[in-house]
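K.L.:
quick check, what structure comes out for this input:
(one chain, ligands or ions: 1)
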Amino acid sequence: MVRRRVVIIGGGVAGTAAFAALARAGVDVQVDIVDPLAAGAGPAFGVGDAALLCNTSVDLMSLLPGLPADFHESLRARGVPAGREEFAPRREFARYLREVYETWAGRPGMSHRRVSRRALAVRPLGPGEGYRVVLDDGSGLTASDVLVCLGWGPPRVPDGLRDRPGIVTSPFPEERMLESVRPSGRVLVLGTRLSAIDAALLLTRHGHRVTLASPSGALPAVRTRTVRGAARIDPAEVHALDPADPRLTRRILDLVTRTLGTAPTCADASIGTLERLRSEVELARRGQVGWQDVLVELVDLANPILVRRDQDARRRVLRACEPLTRYLGSFPLCNAERLLGLLDTGQVKVRAGTPRRLDGPSPFWRVQWPDGRSEHFDGVVCATGFTGRPLRVRSGVLTLPKAHDASPVAGAPPELDADLRLRVDGRSERIWLLGVSSGVRMPFVNAVHHATDQAEAFTRAFAET
Ligand SMILES: Cc1cc2nc3c(=O)[nH]c(=O)nc-3n(C[C@H](O)[C@H](O)[C@H](O)COP(=O)(O)OP(=O)(O)OC[C@H]3O[C@@H](n4cnc5c(N)ncnc54)[C@H](O)[C@@H]3O)c2cc1C
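P.N.:
Model (predicted):
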């Protein structure tokens, strides 16, 4: 029998989790990973500053399915003090990812190559013949099975700012951001979510004063942990939610309340950003953040249900969950306390509204706000999220986006089966999309544990065939 050959495109979180899962399962297979970056060097975790923290607890970040304490044990072995519910520095997770990769790549008998290139396309070779993964140097790799784990694309930059000289398009890598602002400057950070808060914490430590601005001016909620199993929801209650129900948001909130046994304690937006943060910090200090456990459980139950529903149902549910966005993407209490201190001293300000005009950068940036007032800044940083990596299928060929290009090439968006296999002309290919790339089918995918779960499910199915 011909030995199977898996090519993993993208050796970040999902790719490494799948690689380790295949190696641990002891399946007789050659595994190649294609990625221009080294393991752990991606934009999320490939950061240097220990102040940049994960926003999920250590216990939720194991790359080895079934061994939730694996990341914690790795931290302990390296003498990094972090409890299982705490939020570790992101650079420690990058080290852990590298360690997991190297451990399994170095196993005797492991048949593996890491190819430091970008993949451009996956071409079928003919019925039952497998695929050719086309690389950016014109060469290719043959595969019986392909995993596509591309993660997020380049930073999302507000309209009109992408090609403006002097604009910092992302807070990461943080050295580039810090070098681009003159000492003790005033910096405008566009965004008020997690990356924007990271930017504010770093910039203020380097003596800058920071204004965070977004259309809503809303900060994320504050949490103390993200762990599994701390809240129990009856799966039947989640199955019973109807995506077409016009009161779906209300039904979800009722379910949260029933699970908690009381209405969730949340600070009201009407008291203003600063007081809301102060109040949420206080609630978190007192442990009155039961919603955080319920949301982990709810998403864990919703993903496998929604992956089996149609696109319309998934869209409706995501829309109904919009009021929960600031809770799903909440930030660690320790960072919230730091930010609150900076807001109290005036070193950081938060503004609702985005610039109507932005002129500059020499000698400085002049910003005109929607209320007509104008302000000067020494630097402008975009912390407005990341773009997707639009994949396309044409004549049976799966085309991947080029480097730093978020615009899709010609072809149809990929269709996935419920087990995340690519479906072309009504046939399931031996091509799986995992991690962020699976977002075309799975609604909640932006966390390490979602990618690890998928890697486990893939490996189980692979080992059985
Ligand atoms: C700033 C930030 C902080 C985050 N913090 C957390 C956190 O604390 N906890 C948490 O659970 N989640 C966090 N996330 C989300 C987490 O990063 C993702 O859930 C996870 O990385 C998804 O894994 P992935 O494999 O899909 O993508 P990635 O881990 O990003 O890996 C994608 C890989 O694909 C490679 N690649 C892309 N295109 C190609 C190509 N054409 N050919 C070859 N290789 C290619 C890239 O170089 C990269 O290495 C964070 C995300 C960001 C952006």
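
K.L.:
hey, let's count contacts and neighbours off CA atoms from now on
P.N.:
OK.

K.L.:
let me see the domain layout of the protein.
P.N.:
4-154+387-464, 174-220+331-382, 223-328 (automatic domain parsing).

K.L.:
looks to me like G126 is in a helix.
P.N.:
No. Counting by DSSP: H, G, I helix; E, B strand; the rest coil, G126 is not part of a helix but coil.

K.L.:
could you measure the most centrally placed residue in the chain against G360, distance?
P.N.:
For the chain, the residue sitting closest to the mean C-alpha position, by C-alpha atoms, centre = their mean, is N446 at 3.7 Å. From N446 across to G360, the span is 35 Å (C-alpha to C-alpha, to the nearest Å).

K.L.:
same check, this time on A94
P.N.:
Applying C-alpha to C-alpha, the value for A94 to G360 is 36 Å.

K.L.:
before we move on, the earlier item: what sits closest to the residue nearest to the centre of the chain if chain neighbours are left out?
P.N.:
V436 (6.0 Å; C-alpha to C-alpha, 6 or more residues apart in numbering).

K.L.:
give me the number of residues near that neighbour?
P.N.:
26 (other C-alpha atoms under 10 Å).

K.L.:
ok, G140 next?
P.N.:
Other residues near G140 come to 17 when the count uses other C-alpha under 10 Å.

K.L.:
ok, N55 touching F87?
P.N.:
Yes. Proximity of N55 to F87 meets the contact threshold set by C-alpha atoms under 8 Å, at 6.2 Å.

K.L.:
do a quick rundown of the helices in the stretch 151-300 of the chain.
P.N.:
With helices called from DSSP state H, counting those that start in this stretch, the stretch 151-300 of the chain shows them at 174-179, 194-205, 235-239, 248-260, 273-285, 291-306.

K.L.:
nearest to A14 among the ones you listed would be which one?
P.N.:
Nearest to A14 among the helices of the stretch 151-300 of the chain is helix 291-306; the distance by C-alpha to C-alpha comes to 16.3 Å.

K.L.:
and the closest one, which residues are buried?
P.N.:
Using 16 or more other C-alpha atoms under 10 Å as the test for burial, helix 291-306 gives 291-303, 305-306.

K.L.:
before we move on, what about stretch 97-104?
P.N.:
If you call a residue buried by 16+ other C-alpha under 10 Å, then stretch 97-104 has these buried ones: 97-98, 100-101, 104.

K.L.:
from the chain's centroid, how far away is it?
P.N.:
Distance of stretch 97-104 from its chain centroid, counting by C-alpha atoms, centre = their mean, to the nearest Å, is 20 Å.

K.L.:
go on, stretch 243-256?
P.N.:
Chain-centre distance of stretch 243-256: 25 Å, with C-alpha atoms, centre = their mean.

K.L.:
list the buried residues of it.
P.N.:
Within stretch 243-256, the residues scored as buried using 16+ other C-alpha under 10 Å are 243, 248-249, 251-253, 255-256.

K.L.:
give me the mean pLDDT for that stretch.
P.N.:
For stretch 243-256, mean pLDDT is 96.

K.L.:
what would the buried residues of stretch 243-256 look like in JSON lines with distance to P158?
P.N.:
Compiled in JSON lines, the buried residues of stretch 243-256 are given as follows (distance: C-alpha to C-alpha, whole Å):
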{"residue": "P243", "distance to P158": "32"}
{"residue": "L248", "distance to P158": "31"}
{"residue": "T249", "distance to P158": "29"}
{"residue": "R251", "distance to P158": "34"}
{"residue": "I252", "distance to P158": "32"}
{"residue": "L253", "distance to P158": "32"}
{"residue": "L255", "distance to P158": "36"}
{"residue": "V256", "distance to P158": "35"}
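
K.L.:
from those, pick the one nearest the ligand.
P.N.:
V256 (21.8 Å; C-alpha to the nearest ligand atom).

K.L.:
skip the chain neighbours and tell me the closest residue to the closest one.
P.N.:
V256 sits nearest to V294 (C-alpha to C-alpha, 6+ apart), 6.5 Å away.

K.L.:
and for D59?
P.N.:
Nearest one to D59, counting by C-alpha to C-alpha, 6+ apart, is R84 at 5.1 Å.

K.L.:
what residues are up against that neighbour?
P.N.:
57-59, 69, 72 (C-alpha atoms under 8 Å, 6 or more residues apart in numbering).

K.L.:
again, 10 Å this time
P.N.:
R84 makes contacts with 57-61, 68-69, 71-73, 75, 225-227, as judged by C-alpha atoms under 10 Å, 6 or more residues apart in numbering.

K.L.:
reformat these as JSON lines; add secondary structure and neighbour count.
P.N.:
Output for the contacts of R84, formatted as JSON lines (DSSP: H, G, I helix; E, B strand; the rest coil; neighbours: other C-alpha atoms under 10 Å):
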{"residue": "S57", "secondary structure": "coil", "neighbour count": "23"}
{"residue": "V58", "secondary structure": "helix", "neighbour count": "27"}
{"residue": "D59", "secondary structure": "helix", "neighbour count": "23"}
{"residue": "L60", "secondary structure": "helix", "neighbour count": "25"}
{"residue": "M61", "secondary structure": "coil", "neighbour count": "30"}
{"residue": "P68", "secondary structure": "coil", "neighbour count": "18"}
{"residue": "A69", "secondary structure": "coil", "neighbour count": "17"}
{"residue": "F71", "secondary structure": "helix", "neighbour count": "24"}
{"residue": "H72", "secondary structure": "helix", "neighbour count": "26"}
{"residue": "E73", "secondary structure": "helix", "neighbour count": "17"}
{"residue": "L75", "secondary structure": "helix", "neighbour count": "21"}
{"residue": "R225", "secondary structure": "coil", "neighbour count": "25"}
{"residue": "T226", "secondary structure": "coil", "neighbour count": "26"}
{"residue": "V227", "secondary structure": "coil", "neighbour count": "22"}
